[in-house]
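Okay, sequence plus prediction incoming.
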Amino acid sequence: MDGQFNDISATVEADRAHVWHHLFQHAALDHRDPRILVEGKGMTVWDQNGRDYLDAVSGGVWTVNVGYGRESIANAVRDQLLKMNYFAGSAGTIPAAQFAARLVEKTPGLSRVFFANSGSEANEKAFKMVRQIAHKHHGGKKWKILYRERDYHGTSLGAMAACGQEQRRDQYGPFPDGFVAVPHCLEYRAQWDDEDYGLRAANAIEEVILREGPDTVGAICLEPITAGGGVITPPAGYWERVQEICTKYDILIHMDEVVCGMGRTGEWFGYQHYGIKPDFVTTAKGLASGYAAISCLITTEEVFEKFRSDPDDPMSYFRDISTFGGCTAGPAAALENMRIIEDENLLANTNAMGDLLMDRLMELKDKHAVVGDVRGKGLFCGLELVADRATKEPLDEKLVEGVVGACDAEGVIIGKTSRSFKGFNNTLCLSPALIVGPSEITRITETIDRALAKLSA
Ligand code: PMP
């Protein structure tokens, strides 16, 4: 085997022959080499040919919040793995305990952390807790889980059952029962003409609850800002009303912070902009910035207490495990990741650079008729592209891909929302690392400017 991969072209061929890439149509590689990234530093990554790219999407899917090449995270993981790499179930580990304690400092009202590996998995844990609470505490009622059109919660079948993007679900059913859709809240694609759109969109959730029967509905799972479904920021007043409705009908609120968590929107968690009091928060991507696989569910003492020992019920505990939720690499990386966000004032940077990015994107909207709407919070932004501003007809997906490709050709990696809702695959997305500075913002937006100009050339 020695020497087999000395030549990078052998690695490229190994990738072409053996790796099944995520969310990717492999026919694209019939006419080009796969891209292999060999190095990353800050916001820059280098491919197998030594070409550099400015990464404006934090690892493709809004993950590498503190940037590439962080030696201190690598060292923290290395030291921890050499000391004690793993244990699950009956015993804890030092980094898990320390990280849990630090994490709940950022989520007042929540106090218990369940570790897992992926966003999907963390969401599944919440769904299972809701079901177990329904069996044990509501006599089998309150077992339904509401989810919202255009939101995404993961790839497993339970998470797919709660997926508001039919292009992701198509061809993977049947799904588990008891997941019920509520309307999305995107004002740009208004479904009602009420003046108080936030109130109207939230009341649409109440209508579903009343239709299903409040005593059947246990929880609602929502992204604070919908990510892959179109970077959808909520209309004013929306979340306040959602909170009121959930309190009124005793419905647990599950905020999916897989994308928005760990500073992406300028607060530690996205829900904190809106005064929501969640019962479950699930988070993953930016938790360790991709230096280790880690996700977690954070919940209240009240939920935790429902799973305490019951002399009449030996099955009262949460009968769930995540094998690699016991790996210490995750919490060790997450602890250092959190220290970096704090010590480098990255929340403040996210707010300042987010404002700058939003200003620049608004300028692009003024300049290019193809930009129908600009949305975002912090370093999490989307530009919805339309063929016609008046009718809001979505720009053809191939043309949207062309914009992404034109940026790539100039060495800037941007993203596009994918496989979304009713053909709305027309939003460019930007989620640079929280360390981004003005010069990178300028390069990103000037590159998009030129790419958009090509559409009308
Ligand atoms: N929730 C949201 C909002 C996501 O964007 C994603 C992943 N894109 C997930 C859950 C699933 O996370 P994972 O891929 O880690 O399972």
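Structure received.

how much distance is there from the helix or strand hosting Ala333 to the middle of the chain?
Element membership for Ala333, per DSSP states H and E: helix 329-343. The chain centre lies 18 Å from the centre of helix 329-343; the measure is Cα atoms, centre = their mean, to the nearest Å.

what packs against that helix?
Applying 3 or more Cβ pairs under 8 Å, 6 or more residues apart in numbering; DSSP states H and E, we find helix 329-343 packed against helix 71-83, helix 94-105. In this view, the C-beta of every residue, glycine as well, is placed from N, C-alpha and C.

next SSE after the shortest one?
Right, the one you point to is helix 94-105. Next in sequence after helix 94-105, counting helices and strands by DSSP H and E, comes strand 112-116.

For the ligand, what is the nearest residue in the stretch 51-200 of the chain?
Ranked by Cβ to the nearest ligand atom, the top residue of the stretch 51-200 of the chain for proximity to the ligand is Gly119, at 2.4 Å.

Pull up the gap between that residue and Val303, please.
From Gly119 over to Val303 the distance is 19 Å, taken as Cβ to Cβ, to the nearest Å.

More neighbours: which of the two?
Taking other Cβ atoms under 10 Å, Gly119 and Val303 do not tie; Gly119 has more neighbours (25 against 20).

Tell me who's in contact with Ile321.
Ile321 is in contact with 88-89, counting by Cβ atoms under 8 Å, 6 or more residues apart in numbering.

And the pLDDT for it?
Ile321 is assigned a pLDDT of 92 by the prediction.

so it sits in a helix?
No - when the secondary structure is assigned by DSSP: H, G, I helix; E, B strand; the rest coil, Ile321 falls in coil instead of a helix.

Show the backbone phi and psi for Thr328.
Thr328 has phi and psi values of phi -80, psi -10 when expressed as degrees, to the nearest 10.

if we can go back for a sec, could I get the helices and strands packed on helix 329-343 as TSV with distance to the ligand and mean pLDDT?
Output for the helices and strands packed on helix 329-343, formatted as TSV (distance: least, Cβ to the nearest ligand atom, whole Å; pLDDT from 0 to 100):
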stretch	distance to the ligand	mean pLDDT
helix 71-83	19	98
helix 94-105	17	98
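
and Gly164, which of those helices is closest to it?
Put simply, out of the helices and strands packed on helix 329-343 the one that sits nearest Gly164 is helix 94-105, at 27.4 Å, with distance taken as Cβ to Cβ.

And the contacts of that closest one?
The contact list for helix 94-105, computed with Cβ under 8 Å, 6+ apart, reads 80, 84, 110-113, 115, 296, 298, 326, 328, 331-332, 334-335, 338.

residues of it that come out buried?
By neighbour count, and taking 16 or more other Cβ atoms under 10 Å as the criterion, the buried residues in helix 94-105 are 95-96, 99-100, 102-104.

how far is that helix from where the chain is centred?
Its chain's average C-alpha position is 21 Å from that of helix 94-105, according to Cα atoms, centre = their mean.

Tell me where the longest strand sits in this structure.
With DSSP state E setting the assignment, residue counts place strand 381-388 as the longest strand in the chain.

Quick one: list the elements packing against that strand.
Using 3+ Cβ pairs under 8 Å, 6+ apart, the elements in contact with strand 381-388 are helix 346-367, strand 371-376, strand 393-394, helix 397-409, strand 427-430.

Check the model's average confidence along that strand for me.
Per-region confidence: strand 381-388 scores 97 on mean pLDDT.

What of stretch 20-34?
Looking at stretch 20-34 alone, the average pLDDT works out to 92.

could you list every residue that touches the closest residue to Phe424 other than its chain neighbours?
In this structure, Phe424 finds its nearest non-sequential neighbour in Pro394, 5.6 Å apart by Cβ to Cβ, 6 or more residues apart in numbering. Shown here is Pro394, whose contacts under the criterion Cβ under 8 Å, 6+ apart are 384-387, 423-426.

go on, Phe269?
106-107, 224, 255, 257, 260-262, 281, 283.

same deal with Lys285?
61-63, 65, 119, 258-259, 261-262.

any chance of those in a markdown table, plus pLDDT?
Compiled in a markdown table, these are given as follows (pLDDT from 0 to 100):
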| residue | pLDDT |
| --- | --- |
| Val61 | 94 |
| Trp62 | 96 |
| Thr63 | 98 |
| Asn65 | 98 |
| Gly119 | 98 |
| Val258 | 98 |
| Val259 | 98 |
| Gly261 | 98 |
| Met262 | 98 |
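
who wins for neighbours among these?
In terms of neighbour count, Gly261 stands highest of the contacts of Lys285 at 31 neighbours, by other Cβ under 10 Å.

Just give the nearest non-adjacent residue to that one, would you?
Closest residue in space to Gly261, ignoring its immediate chain neighbours: Thr283 at 3.5 Å, by Cβ to Cβ, 6+ apart.

what's around the one you found, how many residues?
The burial count assigned to Thr283 is 28, neighbours taken as other Cβ under 10 Å.

For it, report the pLDDT, please.
Looking at Thr283, its pLDDT stands at 98.

next one: the one 4 residues further on
According to the model's per-residue confidence, Leu287 sits at a pLDDT of 98.

all helices in the stretch 1-150 of the chain, in order from the N-terminus.
Taking DSSP state H, counting those that start in this stretch to define them, one finds helices in the stretch 1-150 of the chain at 8-18, 71-83, 94-105, 119-137.

For Leu434, find the nearest of the ones you listed.
Using Cβ to Cβ as the measure, helix 71-83 is the one of these that comes nearest Leu434, at 14.0 Å.

May I see the buried residues of the closest one?
For helix 71-83, the neighbour count (16+ other Cβ under 10 Å) marks 73, 76-77, 80 as buried.

Ok, stretch 265-284 next?
Buried residues in stretch 265-284, counted by 16+ other Cβ under 10 Å: 265-274, 276, 278-284.

ok, now stretch 239-246?
Buried, per 16+ other Cβ under 10 Å, within stretch 239-246: 239-243, 245-246.

got a list of what Thr226 touches?
Taking Cβ under 8 Å, 6+ apart as the definition of contact, the neighbours of Thr226 are 148, 150-152, 184, 186, 232.

how about 7 Å then?
By Cβ atoms under 7 Å, 6 or more residues apart in numbering, the contact set of Thr226 is 150-151, 232.

Out of these, which comes closest to Leu361?
For the contacts of Thr226, the minimum distance to Leu361 (Cβ to Cβ) is 15.4 Å, reached by Ile232.

so Val436 sits right up against Gly354, yeah?
No - at 9.2 Å, Val436 does not count as touching Gly354 under the criterion of Cβ atoms under 7 Å.

Comparing the two, which residue is more hemmed in?
Neighbours were tallied for Val436 and for Gly354 using other Cβ under 10 Å; the higher tally belongs to Val436 (28 against 23).

What residues does the nearest residue to that one once chain neighbours are set aside make contact with?
On the basis of Cβ to Cβ, 6+ apart, the spatially nearest residue to Val436 that is not a chain neighbour turns out to be Met353, at 5.1 Å. Residues near Met353 by Cβ under 7 Å, 6+ apart: 379, 436, 441.
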